[in-house]
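J.: Need coordinates for the below:
(2 chains)
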2 protein chains.
Amino acid sequence: MSVRKPQILKGFRDYTPDQMRLRLHVIGIFRQVFERHGFEPVDTPALEYLEILTGKAGENEKLMYHFHDQGDREVGLRYDLTVPLARYFAMHQQDSVLPFKRYHIAPVWRAEKPQRGRFREFWQCDADIVGSSSMLADAEAVSVLTDALDAVNLKRAVVSINHRRLLEAMARLAGVPESYAPTVFRAIDKLDKIGPDGVRRDLVATGVDEAAANRVVELVTRTGSNDELLDAAAADLEGIAGGSEAVTELRELAGYIDSLNVRPGSWKIDLSLARGIDYYTGPVFEARVDEPKVGSVAGAGRYDELVGTFLGRAVPATGMSLGLERILEVIQEFELVPLRASVADL
Amino acid sequence: MSVRKPQILKGFRDYTPDQMRLRLHVIGIFRQVFERHGFEPVDTPALEYLEILTGKAGENEKLMYHFHDQGDREVGLRYDLTVPLARYFAMHQQDSVLPFKRYHIAPVWRAEKPQRGRFREFWQCDADIVGSSSMLADAEAVSVLTDALDAVNLKRAVVSINHRRLLEAMARLAGVPESYAPTVFRAIDKLDKIGPDGVRRDLVATGVDEAAANRVVELVTRTGSNDELLDAAAADLEGIAGGSEAVTELRELAGYIDSLNVRPGSWKIDLSLARGIDYYTGPVFEARVDEPKVGSVAGAGRYDELVGTFLGRAVPATGMSLGLERILEVIQEFELVPLRASVADL
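T.: Residues are numbered from 1 along each chain as shown, chains lettered A, B, ... in the order given. Here you go, the predicted model:
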């Protein structure tokens, strides 16, 4: 008998029965929460035409698993669940009642360097609302997010909320040229890791002048209650294009969040939240856990340009994505979920 | 806004909310049945080293999605859940109590020509027992299989049972040279589609002499009660190498099946069942539905050589695989499962 060496690809994992029981339990809880909030389940193929997957961000192509299939088609393993949602919506819009609220729990694949808590195959749990530009949809995204985290006893997570156009207006106010906006977002996105000085250095290194860099950091690191922060931003940004609209939307959003009975203390306005991804167009959210220091366990935001790329017209959309692996890490570290013997007990 | 055409790869499907609700419901029922029978959940990566996946059957390599990843490793999407089980067991055997009873519900990918009811991405629901050579393990496989089909009201399915070594002995008895055994299995496997005359023609065309071909077909198409068939086989095969051992195992298996209270009428001995796959070494099973004419909805069998290939020693194993897509087809055609509004009602 010739012996083959059993081995598994780096960045990929087997799930043992104990790990699977916890995963299935938590996924079952998320399904219940999503359905309670009116989201419906869908699934899409693991493989898609590469051009479907790469439309959003050419930069990601090198992190995608892609190849030519037996019919010489260029195909790739899905990188996230948001681009497949856009493709799905374009192909099924005639059957979908708007707003279309779908959830999708499935693995995605990224050819990234594996590191602690970062894998090449991991599961996302996404809930999105397509077809509504109302801040009520964003409030629902925050509501389902906090409810999902509460449901697995992850009450230590706090959802930070900001607005992309507010950040743009602040950069404008600080005197940063328009074309630097993505640079500013990326620098601010690293605030947690590199601190205010690091952000300032990063901005200057990429060509922003020193006074503007200082002003940006000063504006986004302001502290205070939600109302204080929004009042200050409103005062600062009077007359700056896009600024007061963004503040108005955030005020609306805060009001809707309260009216949906989201637990006070589970969310806050944070003017330094940027989110790395390019496609956000409005409010952005992030749920963080600081102890243990796992960082972001869920991300979210409004992306009014993406879904429409397959239809040739704007289709407003907002949503949120729970990072299952990090959430499981916190749950295991703190034994947050009482483990039943079987999924049948759910 | 540049418009990209939304399209999906041939042989791949989106699942809409209605379809997903039914899928999740049926998968949930299967999980419950598997766990009630003592099977534990595992999961393995979608991507594996290609050499792990191809050990079993070089023939299948052209039906596998495979490519070189960013690190120039040859990788492939899993083709079934049985080879990953063998790799998993080899890597986790020290943590596994024997017999290791695991179930695995997950998608697999095959670069086959799509046709009605056959897709390039589809889900398998497997339950296997590793580490026992007792016919009790095979009886448990039959028991969990009939229980799973009953649980989705698929009582019209009947499990056929045969034995690979019984077929080999019959071929020997008929005077077919040893080396033709795989040819004989493949020809008999098509009995349903091409009839007895077709099988005879196939055998003769591949070099089996006419008298032997006739005798093979005569032996395997015998009808009668389970006991009658086993008695006749025992009488025929006296003195034929492997024949009486196979009959003894089938008698043992039948006794265990009865002792596990498997519903009478849900299974039968069928001497013409061959199963196409090469790795079976003992009893083989197949659940068929003849109305609507979907054919096989589950396959199973003992494969004592496969799991050990990664360890360099024989590791007995047996198990069964439910074909989710075909089962869902029958369920939808006959409205067998009362659909609840939500998975939360499970």
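J.: element containing the residue of the stretch 101-250 of chain A found nearest chain B?
T.: Chain B sits closest to A:A111 of the stretch 101-250 of chain A, with a gap of 4.6 Å, by Cβ to the nearest Cβ. Using the backbone N, CA and C atoms, a C-beta is placed for each residue, glycine as well. Following DSSP states H and E, there is no helix or strand that holds A:A111.
J.: Nearest residue to it in space, please, no chain neighbours.
T.: B:Q70 (4.6 Å; Cβ to Cβ, 6 or more residues apart in numbering or on different chains).
J.: For that neighbour, give its distance to B:A127.
T.: 35 Å (Cβ to Cβ, to the nearest Å).
J.: okay, these two: which has more neighbours?
T.: The neighbour comparison of B:Q70 against B:A127 (other Cβ atoms under 10 Å in any protein chain shown) goes to B:A127, with 27 against 14.
J.: The more buried one reaches B:F34, doesn't it?
T.: Yes: B:A127 lies in contact with B:F34 (Cβ atoms under 8 Å); the separation is 5.2 Å.
J.: Find the residues that touch each one of these two.
T.: Contact criterion Cβ atoms under 8 Å, 6 or more residues apart in numbering or on different chains; residues shared by B:A127 and B:F34: B:103, B:144.
J.: Which neighbouring elements make contact with the helix or strand that A:R21 is a member of?
T.: Element membership of A:R21, judged by DSSP H and E, is helix A:17-36. If you count contacts as 3 or more Cβ pairs under 8 Å, 6 or more residues apart in numbering or on different chains; DSSP states H and E, helix A:17-36 packs onto strand A:40-41, strand A:100-109, strand A:121-130, helix A:135-151, helix A:324-334, strand B:40-41.
J.: Please identify the buried residues of it?
T.: Residues A:17, A:19-35 are the ones in helix A:17-36 that count as buried (16 or more other Cβ atoms under 10 Å in any protein chain shown).
J.: Could you do stretch A:203-213 as well?
T.: In stretch A:203-213, counting by 16+ other Cβ under 10 Å, buried: A:203, A:208, A:212-213.
J.: filter the residues you listed by proximity to chain B?
T.: Judged by Cβ under 8 Å from any Cβ of the partner chain, the overlap between the buried residues of stretch A:203-213 and the neighbourhood of chain B is nil.
J.: Next, give me the two most distant ones among the residues you listed.
T.: For the buried residues of stretch A:203-213, the maximum inter-member distance is 7.6 Å, found between A:L203 and A:A212 (Cβ to Cβ).
J.: what do these two both touch?
T.: In contact with both A:L203 and A:A212: A:V176, using Cβ under 8 Å, 6+ apart.
J.: can I assume A:I257 sits in a strand?
T.: No: secondary structure of A:I257 (DSSP: H, G, I helix; E, B strand; the rest coil): helix, not part of a strand.
J.: Now do it against B:W109, distance only.
T.: 42 Å.
J.: show me what contacts A:E286?
T.: With Cβ under 8 Å, 6+ apart, A:E286 has these contacts: A:159-160, A:273, A:275, A:296, A:298-300.
J.: again, only this time at 6 Å
T.: The contact partners of A:E286, by Cβ atoms under 6 Å, 6 or more residues apart in numbering or on different chains, come to A:160, A:273, A:296, A:299.
J.: give the contact list for the last one.
T.: Listed by Cβ under 6 Å, 6+ apart, the contact set of A:G299 reads A:286, A:321.
J.: Please compute how far the host helix or strand of it lies from its chain's middle.
T.: Assigned by DSSP H and E, A:G299 falls within strand A:295-302. Using Cα atoms, centre = their mean, to the nearest Å, the mean C-alpha position of strand A:295-302 is found 4 Å from that of the whole chain.
J.: before we move on, what about stretch A:266-282?
T.: 9 Å.
J.: Just the C-alpha atoms of it, please, in CSV.
T.: Extracted C-alpha coordinates of stretch A:266-282, given in CSV (Å, rounded to 0.1, in the frame of the first residue of the first chain):
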residue,chain,number,x,y,z
SER,A,266,-24.3,49.2,22.4
TRP,A,267,-23.5,51.9,19.9
LYS,A,268,-21.8,55.3,19.6
ILE,A,269,-20.9,57.9,17.1
ASP,A,270,-17.1,57.7,16.4
LEU,A,271,-15.8,60.4,14.0
SER,A,272,-12.6,58.4,13.5
LEU,A,273,-14.2,55.3,12.0
ALA,A,274,-13.3,55.1,8.3
ARG,A,275,-13.5,51.4,7.2
GLY,A,276,-11.0,50.4,4.6
ILE,A,277,-13.3,49.3,1.8
ASP,A,278,-13.7,51.7,-1.1
TYR,A,279,-17.3,51.1,-1.9
TYR,A,280,-19.0,52.7,1.1
THR,A,281,-21.0,55.8,0.2
GLY,A,282,-22.8,56.8,3.4
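J.: Quick one: mean pLDDT for that stretch?
T.: Stretch A:266-282 carries an average pLDDT of 89.
J.: still on that earlier bit, now, the buried residues of stretch A:203-213 that are in strands?
T.: The strands, defined by DSSP state E, take in nothing from those.
J.: Go through stretch A:115-128 and flag the buried ones.
T.: Buried positions in stretch A:115-128, judged by neighbour count with 16+ other Cβ under 10 Å: A:119-128.
J.: related to what we said a few turns ago, what mean pLDDT would you report for the strand holding A:G299?
T.: The model assigns strand A:295-302 a mean pLDDT of 91.
J.: List of residues touching stretch A:101-117?
T.: A:10-11, A:27, A:34, A:38-42, A:63, A:65, A:77-78, A:80-81, A:120-121, A:123-127, A:129, A:326, B:70.
J.: Let me know the secondary structure of the residue nearest to A:A111.
T.: B:Q70 ends up coil, using three-state DSSP.
J.: before we move on, what about A:L98?
T.: coil.
J.: wait, does stretch A:138-153 contact chain B?
T.: No: figure legend: stretch A:138-153 not in contact with chain B (Cβ under 6 Å from any Cβ of the partner chain); closest approach 11.7 Å.
J.: So what's the gap between that stretch and the chain middle?
T.: 13 Å.
J.: same question, stretch A:196-203
T.: That offset, for stretch A:196-203, works out to 24 Å (Cα atoms, centre = their mean).
J.: returning to that earlier point: I'd like the distance between the residue nearest to A:A111 and A:A174.
T.: For B:Q70 relative to A:A174 (Cβ to Cβ), the value is 39 Å.
J.: And A:V294, by the same measure?
T.: For A:V294 relative to A:A174 (Cβ to Cβ), the value is 32 Å.
J.: more crowded one of those two?
T.: Neighbour count, other Cβ under 10 Å: between A:V294 and A:A174, A:A174 has more, with 22 against 19.
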